[in-house]
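*Asks:* below are the sequence and a predicted model; questions follow.
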Amino acid sequence: MRSSSAFAALHAVALQAATVSAFTGSSIMRRASATTSSSLRLTKGDTVSFAKYEGLGNDFILIDDRDKSSPSLTPDQSERLCDRNFGIGGDGVIFALKPDAIAADDAAAEVDGGYDFTMRIYNSDGSEPEMCGNGIRCFAAFLRDLGADASSYKINTLAGPIIPVMNDDGTITVDMGSPILDGPSVPTTLEPNADDNSVVEQTLECNGKTWKVSAVSMGNPHAIIFVDDLDADIDFDVDGPALESHPAFPAKTNVEFVQVLSPTHLKMKVWERGAGPTLACGTGTCALVVAAIRAGRIPRPANEGDSVLVDLPGGPLSIEWREENNKVYMSGPGTFSFKGEAVLK
């Protein structure tokens, strides 16, 4: 159990999601404290307003910093906020920032017309990932509830431009971009053994076991392993962290264990880099569908709009890897939980 004594006096007001209309108001994972301007940071005694959202149980603290170019909390403060005993509790803290908060040379590409907002996130251990698939859906829902209502948003991230689209049924579809298949770019030191200098079910010795690992990046690294039975074939709490920190992944890696249920239906467990076991991982779900198709575990859906259903511990996501443009599309919920204020001690 992680201890923390620096955060107390939490005041959270629970609300029903349906009643909310508006609030007033990478390549390497890093600690990133140097990128947060000290003049904008909150300090002891300050109050921070927040909103809590979850995407299939992957839960986040959202902070409205749209008038800022860097997060108002440090990685250490964010880590304490995420503590489920002494803070608000969450898998990460997400900051809504100015559109140009990430410099052009840090982003993968610019977008036509410029960005609408920037998203940055600190994990529950204070590290900073390039992107988060469930987080981006929660981020889009947060923007909508703040009053920045739009049919879609162009979001600047450390993984490059991400575009979530708000659907009429309340779900959010995110253009996650094209998967990165080149092994060294994932990054992994595993020997490439397939087209595009990629790693497909390559042998890896770890934790006294032999694994067949596929490496895919969706702006952040993923190691995908197919098993016959998710319950019987892995020691999740031991194998997950061992694979996450294996030297074959110099930036560490997210780890997805996957069981094929049918040609259009997969089931997964995820050990997230910097967060450990979570109920859902959006980028990981995208990566594992790509890996399943490339490894011949499932066929690629023939028609545009056809998707693969992936069961996560927190619920299902629909993933389409579109052949015409090589992009991956993820559809699922981003749900408001509650909002409140917390005093930094």
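*Replies:* That came through, no problem. Residues are numbered from 1 along each chain as shown.
*Asks:* please, where are all the strands along the stretch 1-150 of the chain?
*Replies:* Taking DSSP state E, counting those that start in this stretch as the test, the strands found in the stretch 1-150 of the chain are 7-14, 47-55, 58-64, 92-97, 117-123.
*Asks:* can you flag the weakest of those by average pLDDT?
*Replies:* Among the strands of the stretch 1-150 of the chain, strand 7-14 has the lowest mean pLDDT, at a mean of 36.
*Asks:* and the strands of the stretch 1-150 of the chain as JSON lines, adding distance to Pro247 and mean neighbour count?
*Replies:* For the C-beta atoms, the positions are set from N, CA and C on the backbone; glycine is no exception. Below are the strands of the stretch 1-150 of the chain laid out as JSON lines (distance: least, C-beta to C-beta, whole Å; neighbours: other C-beta atoms under 10 Å):
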{"stretch": "strand 7-14", "distance to Pro247": "34", "mean neighbour count": "12"}
{"stretch": "strand 47-55", "distance to Pro247": "31", "mean neighbour count": "21"}
{"stretch": "strand 58-64", "distance to Pro247": "28", "mean neighbour count": "26"}
{"stretch": "strand 92-97", "distance to Pro247": "26", "mean neighbour count": "26"}
{"stretch": "strand 117-123", "distance to Pro247": "21", "mean neighbour count": "26"}
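*Asks:* how about the contacts made by the residue sitting nearest the centre point of the chain?
*Replies:* The residue lying closest to the centre of the chain (C-alpha atoms, centre = their mean) is Cys132, at 1.8 Å. Residues counted as contacts of Cys132 (C-beta atoms under 8 Å, 6 or more residues apart in numbering) are Asn58, Phe60, Gly92, Ile94, Ile121, Cys281, Gly282, Thr283.
*Asks:* next, format the residues you listed as JSON lines and append distance to Lys267.
*Replies:* Below are the contacts of Cys132 laid out as JSON lines (distance: C-beta to C-beta, whole Å):
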{"residue": "Asn58", "distance to Lys267": "16"}
{"residue": "Phe60", "distance to Lys267": "24"}
{"residue": "Gly92", "distance to Lys267": "24"}
{"residue": "Ile94", "distance to Lys267": "27"}
{"residue": "Ile121", "distance to Lys267": "26"}
{"residue": "Cys281", "distance to Lys267": "13"}
{"residue": "Gly282", "distance to Lys267": "16"}
{"residue": "Thr283", "distance to Lys267": "17"}
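*Asks:* let me know the closest of the residues you listed to Asn167.
*Replies:* Among the contacts of Cys132, Gly282 lies closest to Asn167 (C-beta to C-beta), at 15.4 Å.
*Asks:* please name the nearest non-neighbouring residue to that closest one.
*Replies:* Gly133 (1.7 Å; C-beta to C-beta, 6 or more residues apart in numbering).
*Asks:* and the one you found, what pLDDT?
*Replies:* pLDDT recorded at Gly133 is 94.
*Asks:* for Gly89, see how far away the residue lying farthest from the centre of the chain is.
*Replies:* Computed with C-alpha atoms, centre = their mean, the residue of the chain farthest from its C-alpha average is Gly45, at 30.4 Å. For Gly45, the distance to Gly89 (C-beta to C-beta, to the nearest Å) stands at 22 Å.
*Asks:* go on, Lys44?
*Replies:* From Lys44 to Gly89 the distance is 21 Å (C-beta to C-beta).
*Asks:* likewise Phe139?
*Replies:* Phe139 is 18 Å from Gly89, by C-beta to C-beta.
*Asks:* the more surrounded of these two?
*Replies:* Under the neighbour definition other C-beta atoms under 10 Å, Phe139 and Gly89 were set side by side, and Phe139 has more, 29 against 16.
*Asks:* that one reaches Pro164, doesn't it?
*Replies:* Yes - judged on C-beta atoms under 8 Å, Phe139 makes contact with Pro164 at a distance of 7.5 Å.
*Asks:* overlap in contacts of these two?
*Replies:* With C-beta under 8 Å, 6+ apart, Phe139 and Pro164 have common neighbours Ile155.
*Asks:* what about the strands in the stretch 201-345 of the chain?
*Replies:* Counting by DSSP E, counting those that start in this stretch, the stretch 201-345 of the chain has these strands, from start to end: 209-217, 221-226, 254-262, 265-272, 276-278, 308-312, 315-321, 328-332, 335-344.
*Asks:* neighbouring strands - and their directions - for the fifth one?
*Replies:* Next to strand 276-278 in the sheet, as set by DSSP bridges, lie strand 265-272 (antiparallel).
*Asks:* give the buried residues for the strand it pairs with.
*Replies:* Residues of strand 265-272 classed as buried: Leu266, Lys267, Met268, Lys269, Val270, Trp271, Glu272 (neighbour count, 16 or more other C-beta atoms under 10 Å).
*Asks:* just send these back as TSV, with distance to Ser127 too.
*Replies:* Shown next, in TSV, are these (distance: C-beta to C-beta, whole Å):
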residue	distance to Ser127
Leu266	27
Lys267	27
Met268	22
Lys269	21
Val270	16
Trp271	14
Glu272	11
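*Asks:* perfect, I'm done here.
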